[in-house]
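Trainee: Compute the structure for the input listed below.
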Amino acid sequence: MEGTYGVQLGVVLCLGLLMRFTWCQTNANAVSAVYIVTLKQAPTSHYNDELRVKSNQFKHGKSNRLDKPSNNISRTDLRNGSYIARVHDSILRRTLRGEKYLKLYSYHYLINGFAVLITPPQVEKLSRRREVANVVLDFSVRTATTHTPQFLGLPQGAWSQEGGYETAGEGIVIGFIDTGIDPTHPSFSDGISENLYPVPEHFSGICEVTRDFPSGSCNRKLIGARHFAASAITRGIFNATQDYASPYDGDGHGTFYLLMKFGGDNLTIIELVSNKFHENIHPVTPRNGWSFFFSKRRSSSLEWGRHTASTAAGNHGIPVVVAGLQFGNASGMAPRSHIAVYKALYKSFGGFAADVVAAIDQAAQDGVDIISLSITPNRRPPGIATFFNPIDMALLSAVKAGIFVVQAAGNTGPSPKSMSSFSPWIFTVGATAHDRVYSNSIVLGNNVSIPGVGLAPGTDGDSMYTLVSAIHALNDTTAVNEYVGECQDPSSFDQDVVKGNLLICSYSIRFVLGLSTIKQALQTAKNLSAAGVVFYMDPFVIGFQLNPTPLGLPGIIIPTPQDSKILLQYYNSSVERDAPTNKIVKFGAVASISGGLTANFSHSAPKVMYYSARGPDPEDSFLDDADILKPNVVAPGNFIWAAWSSLGTDSVEFLGENFAMMSGTSMAAPHVAGLAALIKRKFPTFSPSAIGSALSTTASLYDKVGGPIMAQRAYANPDLNQSPATPFDMGSGFVNATAALDPGLIFDLNYDDYMSFLCGINGSAPLVLNYTGQSCGVSTTNGVDLNLPSITIAKLNQSRTVQRTVTNIASNETYNVGWSAPLGVSITVWPSHFSIGSGEKVVLSVLFNATMNSSVASYGRIGLFGEMGHVVNIPLSVIVKMSHNNNTSKS
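Mentor: Now for the predicted structure:
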């Protein structure tokens, strides 16, 4: 089977490269590209009464069947799937008679369509077919723990209330669209517990078998694994050696539980050179016609798959050992949940929508309960609304099938409207810091202390060690150049000068680009018998956040150019030189390093991180505001320990390690996916919107000491530039896992409500028909009137009444209603007091009146306070306000 797979992959690779070459040679004016074509006929899931295919095809210990991702054929409804695939082939043959094309995927479960490599003239021919609804150019996507279960209160709260960690999330399958997984990691073993751990009967997925992912890789914990790369292969950018043509995670992100290529987080990139796609990219001076982009935060872009999977559903109590040092025990949020991996993101280039849609389509067919997306598009979708794009529309069908969808907000904050997750049926998660901090510092001989990062031991006791700069410790034969100070080559230095001293090395832009590494500098220091190493930040590396990095000897990285300048000024002022020759005769600067292995715990947590994308939710490419609150909530995403691929090379500092510390909204989303699994287990009949409501209405507005949650507002000195978080920073607030399991009241929505919302967008009827195969009716809804657990009004023209319907899922209870109005708005809520029986509904009406003219967003809240202790929180956001005094205002 492995040999067969290799032949098939080789054929696809060769076909992709050959067809690209042929088109370029025969028709220079017709450049081929991948397009996603949707048909007018509805997908198969829309015809299923129950919408969820229940099958018992995959059982632990049975055959590991070989998947063929380029066909994307349903295993659970082979007749319908193969028939629709044949229809797709027939349309292509009849439309493009005798012409060259390459079909990559047939989609049939969530959307009815296919991905195909064609030229612009062929696009025109397909667009004219009566069966064809829409033709969209494929687009790129990018990737947006130990202590966080305690910080979220799981051991004494949600876990203990539902039977402990040994049952947390049991029977729930979380599907990860990410960079794959390392099946050998202990976080994904099924032998941790002696309790029975059966594969859920409703799941019908399979595990691919390849050389990188051999038979037996899956078990009762990791129950499904596939990969999707046809779009990348046809472009000729897929590197089978580096990217692994299998579900194996060579990046680490997928294993990390939390990050993902759609949510983009990390390592600085040269987009046009490496074709990686990351968030937080900012242009730097172009050179030789190439544009360079550098991310604001450094962490791996490729190891996310494992990291995200372990954060959500990794096993409980797995020791975190990095660089031979113990950092506690790790656990996923729902450690008894099952994991299914759909690899659609890769180290070399990120990913493409055609592959992601295929992965989502397959996950839904297989029967996952939750989809976790730590990925976001590289740019806002064009057209009349951001919601109309192949990924979001496929996810809408997934929601119709009862699947809860979680997506990272993106790492493009802190600017307003930087949100990269748009649709109301997607639960969007921003990132916060939690209370665990690893701090390191260096104390100079002049008693100045400089903070830094580095998971490193300190120097011995109170002893002070001589500081020696690398550029002052060169061999006589070494020529001075701009890179030698990076300490990459031990042969360049005089060991007699360095031995027993603290070696000072430069952290330049080459580290950001991966051309130089901390690991190699540490090896240089060890070879020279240095007592430790001190990295200072090059002044040209601006606004760059380093995750704490493991160092195998006493060391520290000074993360800012400002503090680095203090170190260098002290060092240079302490050097004694011979006046005639200017040679150094004495290194007078001394220092000690405190070490950063012990965690400290901050009171100012959680706080919204500067990189976390912010609302308002952009409705279209013109940045008009949608009446939708984004993000929905925030969760831990900064400095998160989680599982890592030991073969991952994207972050050299963690090469060979089983765990890594990462940051980003891609880390936050899997936390919520795991918490959603706890809710789904307790309330198996909850709709996706009910799960989102439970997470939203119970979210916390306050930090550990009862103060308001703060939000960082700038890249530079973010802790000095922060203010209380608004709903556009944190959504409904910081997730409260325990309270979410007992929300009292819920706000529910269904597929028809979302359809009515889409139909209410001006000019959307043709797009709705194209994507869903359904015509818009007479009745439509706008975003304000969706029964969401929040109210966002982009433009309030004088007054407006908004209604919300709550459903009681608890026992009979009486509620009092309180509220605080946004600035420039008066509100009235009725009823202000109500009793509601179990299973009953109550309609709340909220009258908004603008009392001033303003285009500055303002915020308020409605609180429902039950006599049994339930508290339901409804955030209010009003952006543009036009009072009755402005008679010329337009709505």
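
Trainee: wait, what's in contact with residue 505?
Mentor: Contacts for residue 505 (CB atoms under 8 Å, 6 or more residues apart in numbering) come out as 470, 485, 486, 487, 521, 524, 525, 533, 534, 535, 536. To be clear about C-beta, it is placed using only N, CA and C from the backbone, and glycine gets the same treatment.

Trainee: isn't the second one right next to residue 510, touching?
Mentor: No. With contact defined as CB atoms under 8 Å, residue 485 does not count as touching residue 510 (10.6 Å).

Trainee: more neighbours, these two?
Mentor: Shown here are residue 485 and residue 510; by other CB atoms under 10 Å, residue 485 has more neighbours (21 against 17).

Trainee: What residue, apart from its backbone neighbours, is nearest that one spatially?
Mentor: residue 506 (4.0 Å; CB to CB, 6 or more residues apart in numbering).

Trainee: Then that neighbour would be within a strand, right?
Mentor: Yes. Secondary structure assignment places residue 506 in a strand (DSSP: H, G, I helix; E, B strand; the rest coil).

Trainee: Could you check how far residue 884 is from residue 798?
Mentor: Distance, residue 884 to residue 798, by CB to CB, to the nearest Å: 5 Å.

Trainee: just residue 241 next, same as before
Mentor: Residue 241 is 64 Å from residue 798, by CB to CB.

Trainee: now residue 718, nearest residue through space, not along the chain?
Mentor: residue 712 (3.8 Å).

Trainee: Hmm, that neighbour is touching residue 604, no?
Mentor: No. Using CB under 8 Å, residue 712 is not in contact with residue 604, being 10.9 Å away.

Trainee: neighbour-wise, which of the two wins?
Mentor: More crowded of residue 712 and residue 604, by other CB under 10 Å: residue 712, with 24 against 16.

Trainee: For beta bridges, what are the partners of the more buried one?
Mentor: residue 722 (DSSP bridges).

Trainee: what's near enough to touch the closest residue to residue 551 other than its chain neighbours?
Mentor: Excluding its sequence neighbours, the residue lying closest to residue 551 (CB to CB, 6+ apart) is residue 456, at 3.6 Å. Residue 456 is in contact with 440, 532, 550-556, 593, 595-597, counting by CB under 8 Å, 6+ apart.

Trainee: And the strands in the stretch 751-891 of the chain, which stretches?
Mentor: 791-797, 799-808, 813-820, 825-830, 833-836, 841-850, 858-866, 871-882 (DSSP state E, counting those that start in this stretch).

Trainee: in the shortest one, what's buried?
Mentor: The reference is to strand 833-836. Buried positions in strand 833-836, judged by neighbour count with 16 or more other CB atoms under 10 Å: 834, 836.

Trainee: so who does the residue nearest to residue 485 touch?
Mentor: 470, 485, 486, 487, 535, 536, 538.

Trainee: Need the three-state assignment for the second one.
Mentor: What that stands for is residue 485. helix.

Trainee: how much space between it and residue 201?
Mentor: 61 Å.

Trainee: still on that earlier bit, return the member of the contacts of residue 505 nearest to residue 226.
Mentor: Nearest to residue 226 out of the contacts of residue 505 is residue 521 (CB to CB; 39.5 Å).

Trainee: Doesn't the closest one belong to a helix?
Mentor: Yes. Counting by three-state DSSP, residue 521 is found in a helix.

Trainee: Excluding chain neighbours, give the residue nearest to it in space.
Mentor: Residue 521 sits nearest to residue 487 (CB to CB, 6+ apart), 4.1 Å away.

Trainee: which residues does the one you found contact?
Mentor: 470, 493, 503, 505, 506, 520, 521, 524, 525, 533 are the contacts of residue 487 under CB under 8 Å, 6+ apart.

Trainee: Kindly state the beta-bridge partners for the fifth one.
Mentor: Under DSSP bridges, the beta-bridge partners of residue 506 are residue 536.

Trainee: ok, so what distance separates it from residue 557?
Mentor: 11 Å.

Trainee: Are there residues contacting both of those two? Which ones?
Mentor: With CB under 8 Å, 6+ apart, residue 506 and residue 557 have common neighbours residue 535.

Trainee: Is it correct that residue 452 is in contact with residue 443?
Mentor: No. Taking CB under 8 Å as the definition, residue 452 is not a contact partner of residue 443, at 11.2 Å.

Trainee: Which one of these two is surrounded by more residues?
Mentor: Just comparing residue 452 and residue 443: by other CB under 10 Å the higher neighbour count belongs to residue 452, 27 against 18.

Trainee: The helix or strand harbouring that one: which residues count as buried?
Mentor: Using DSSP states H and E, the element containing residue 452 is strand 449-452. For strand 449-452, a neighbour-count test (16+ other CB under 10 Å) marks 450, 452 as buried.

Trainee: Comparing residue 884 and residue 798, which residue is more hemmed in?
Mentor: Using other CB under 10 Å, the more surrounded residue of residue 884 and residue 798 is residue 798, with 16 against 12.

Trainee: What are the buried residues along stretch 121-129?
Mentor: Going by neighbour count (16+ other CB under 10 Å), the buried part of stretch 121-129 is 122, 123, 126, 129.

Trainee: Sorry, slip of the keys, the one I care about is stretch 781-793.
Mentor: 781, 783, 784, 785, 786, 787, 788, 789, 790, 791, 792, 793.

Trainee: try stretch 794-803
Mentor: In stretch 794-803, counting by 16+ other CB under 10 Å, buried: 794, 795, 796, 797, 798, 800, 802.

Trainee: So which residues of the stretch 601-750 of the chain form strands?
Mentor: 607-608, 633-636, 640-643, 659-662, 710-712, 722-724, 745-746.

Trainee: same question but for the stretch 301-450 of the chain, I mixed them up
Mentor: For the stretch 301-450 of the chain, the strands defined by DSSP E, counting those that start in this stretch cover 303-304, 318-322, 325-330, 338-343, 351-352, 370-373, 375-377, 404-408, 427-433, 436-438, 440-444, 449-452.
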